[in-house]
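Asks: Sequence first, then the predicted structure, then my questions.
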Amino acid sequence: MKKFSVVVAGGGSTFTPGIVLMLLANQHRFPLRALKFYDNDGARQETIAEACKVILKEQAPEIEFSYTTDPKEAFTDVDFVMAHIRVGKYPMREKDEKIPLRHGVLGQETCGPGGIAYGMRSIGGVLGLVDYMEKYSPNAWMLNYSNPAAIVAEATRKLRPNAKILNICDMPIGIESRMAHIAGLKDRKEMCTRYYGLNHFGWWTSIEDKHGNDLMPKIREHVAKFGYVPPTEEPGTEASWNDTFVKARDVCALDPDTLPNTYLKYYLYPDYVVKHSNPAHTRANEVMEHREKHVFGSCNAIIQAGKSSAGELEIDEHASYIVDLAAAIAFNTQERMLLIVPNNGAINNFDPEAMVEIPCLVGKSGPEPLVVGNIPQFQKGLMSQQVAVEKLVVEAWEERSYQKLWQAITLSKTVPSASVAKAILDDLIEANKEYWPELK
Ligand code: NAD
Ligand code: G6P
Ligand code: MN
C-alpha cells in the first residue's frame, strides 16, 4: 500500500495532538511515511511537536517526524497539507467576540462581525499556505479546515481558482453523530443524508438508514422537544455547546421540512444570543481556560516524563473525516462527503459562483458535487444575504476597501443598522492593525 507524506499547517493548534492520534489509529487505511508540522509560532508549536514526537516514537517509530517554521522545509515532498491555522490566535478570537458585544451585537468566532474580522485575518494566511504548497509540492492536495471556512473558501475560489484545496467542516459530522444516536443507530455512517447550504449555514432535507427507511420524522420529533441532545448525553459536552445543541429546538421550528445546522441560531435568534452572552467572558476565554490549558498541560507532562501515559491527550474521533477525505483522494474511494465547493448549478436556483456546502463524491481528481435542485424561498433568501456578506469580505480584502467591508458588516443579519456596523468596523480596524490590509 502506498505511504504518504503529510504536513500539518498550524502544528501548534490545540487540535494537532488529537489529529495525530487519529492518523495513527488509521494507519491501516491511510499509511504515512512522513509527518511534518509547520507553524509560524515556533515556541507554541515546539510544545505540541515534542509531545507528539514521544507518542510517535512509541506507536510508529517508522514514520519520519519533524517540525519547522521554514515553509520550504515544511512544504517540500508532501502529498497532503492538513491546514488548521488561526491567524491572531486566541487573543484575537477574544477581540472578535468582545468588540461586537460592546455594540450590542453578538460576538462569535465565525458568524457576524467577529467572523468577518477573523476572515480578514485568515485570507492572507491560507493563501500563503496554498502558495507554499504550489511552489514546493505542486501535486499535493490541501485539506483545509481553517476558519472562517466560508470566507476562506470564497477567497480561494476567487483568488486561487486552480488550487488543489478542499474546504471542509466538522459541524455537520458532529450533528449527524447526535442524529444517529437519537435514531438509535451506533454510527453516523449508518445514515445516508442530503444537506445543502453555506458553511455554518445549512439544512438537512433527508436522513435515511441504509435500507432507505426515512429517519427524518423520528429525529425531528426529538429535536423539536430536546434539540440535538440525545437521550443519553454525549460525554464531555461543555455547557455552552450544550446550550447550542438545545437551541436547535427553536431553530428547527422555522421550517417543518428540514433539520438545521446549529450555527443558524446566530442568524435567527441573535437577540437571544446577545442576552445570553457575558461581554467580559466569551467562548475564547472558555477555550483558553480549558482546552488550551489541558492540551498544553498534557503535552508538557508527556515531554517531562518522556512517555505518553503522563498526559491525557484524546483521539479526535470526529476528525476521522479528515482521514476519509485524504483516503478518498489517495485511493479514489468515491466516498460521499459534505464539502464546501463552487455551486456551479448544483443548487439550481442559486448563484453559480457561490461556495456552497453540499454532498460530493470524492475521488482522485477531487470532488464531484451532487445535484441539489431547487431550494425554497426562505433558505434562498437567507443564503443570498449571507453569501453576499462573504463575497463582500473577500472583495474588501482584495481591494483594501473600507466601503465594502462596511457594506459586508451592514448586510450581516446579525447587525441592526449601518451606523452600528460602522462603529463595530472602526473598533475592529483598530484591533486588527497588525493583521488586516490597510483599508482605503
Ligand atoms: P490554535 O490557536 O490553537 O492553533 C492555531 C495555530 O495556527 C497556532 O499555533 C498559530 O500559531 C498557527 N498559525 C496562525 N497563523 C499561521 C500562519 N499564517 N501560518 C502558520 N501557522 C499559523 O487554534 P485552534 O482552536 O486549535 O483552531 C485551529 C483552526 O482550526 C482554527 O481556524 C479553527 O477555527 C479551526 N477549526 C475548524 C473546524 C472546522 O470544522 N472547519 C473545527 C475545529 C477547528
Ligand atoms: C465546530 C465548528 C468549527 C469551530 C468549532 C469551535 O467544530 O465546526 O468550525 O471552529 O466548532 O469550537 P470551539 O470549541 O473552539 O469553540
Ligand atoms: Mn466548522
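Replies: Thanks, I have the structure now. Numbering: from 1, shown residues only. Ligands and ions are numbered 1, 2, ... in the order given.
Asks: Determine the longest helix present in this structure.
Replies: Residue-count comparison of every helix in the chain, with assignments taken from DSSP state H, identifies helix 112-136 as the longest.
Asks: Please report the distance of His173 from Thr258.
Replies: Wrong residue type there; residue 173 is Ile, not His. Taking CB to CB, to the nearest Å as the criterion, Ile173 is separated from Thr258 by 18 Å. All C-beta spots, glycine's among them, are computed from the backbone N, C-alpha and C.
Asks: List the residues that contact the residue most central in space within the chain.
Replies: The geometric centre of the chain, computed from its C-alpha atoms, lies nearest to Cys169 (CA atoms, centre = their mean), at 4.0 Å. When contacts are counted by CB atoms under 8 Å, 6 or more residues apart in numbering, Cys169 is found next to 145, 149, 199-200, 338, 340, 357.
Asks: gap between it and Leu129?
Replies: When CB to CB is the yardstick, Cys169 and Leu129 sit 17 Å from each other.
Asks: now Ile85
Replies: 7 Å.
Asks: again with Lys72
Replies: 13 Å.
Asks: hmm, who's touching stretch 183-198?
Replies: Here stretch 183-198 makes contact (CB under 8 Å, 6+ apart) with 150, 172-173, 176-177, 179-180, 202-210, 215, 218-219, 261, 336, 338, 340, 347, 354-359, 372, 375, 379, 383, 386-387, 390.
Asks: Out of those, which end up buried?
Replies: Of all the contacts of stretch 183-198 considered here, the ones buried according to neighbour count by 16 or more other CB atoms under 10 Å are 150, 172-173, 176-177, 179-180, 202-205, 207, 215, 219, 261, 338, 340, 347, 354-359, 372, 375, 379, 383, 386-387, 390.
Asks: Please list the residues of the protein that sit near ligand 3.
Replies: The chain has residues 169, 171 near ligand 3, with proximity defined as CB under 5 Å from the ion.
Asks: Just the strands from the chain, written as ranges.
Replies: 4-9, 32-38, 64-68, 80-83, 141-144, 165-167, 191-198, 201-209, 259-260, 335-342, 355-363, 366-369 (DSSP state E).
Asks: Looking at this structure, which residue is nearest ligand 3?
Replies: Among the residues of the chain, Cys169 lies nearest to ligand 3; the distance is 3.4 Å by CB to the ion.
Asks: Which of the residues in stretch 282-301 are classified as buried?
Replies: 282-285, 287-288, 292, 295-296, 298-299, 301.
Asks: Can stretch 66-85 be said to contact ligand 1?
Replies: Yes - judged by CB under 6 Å from any ligand atom, stretch 66-85 comes into contact with ligand 1 at 84-85.
Asks: Any residues of the stretch 101-250 of the chain in contact with ligand 2? List them.
Replies: Counting by CB under 6 Å from any ligand atom, the positions of the stretch 101-250 of the chain adjacent to ligand 2 are 109-110, 147, 169-171.
Asks: Dump those into CSV; add pLDDT and distance to Lys95 as well.
Replies: Listed next are these as CSV, based on pLDDT from 0 to 100; distance: CB to CB, whole Å:
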residue, pLDDT, distance to Lys95
Glu109, 98, 11
Thr110, 98, 15
Asn147, 98, 15
Cys169, 97, 23
Asp170, 96, 24
Met171, 97, 23
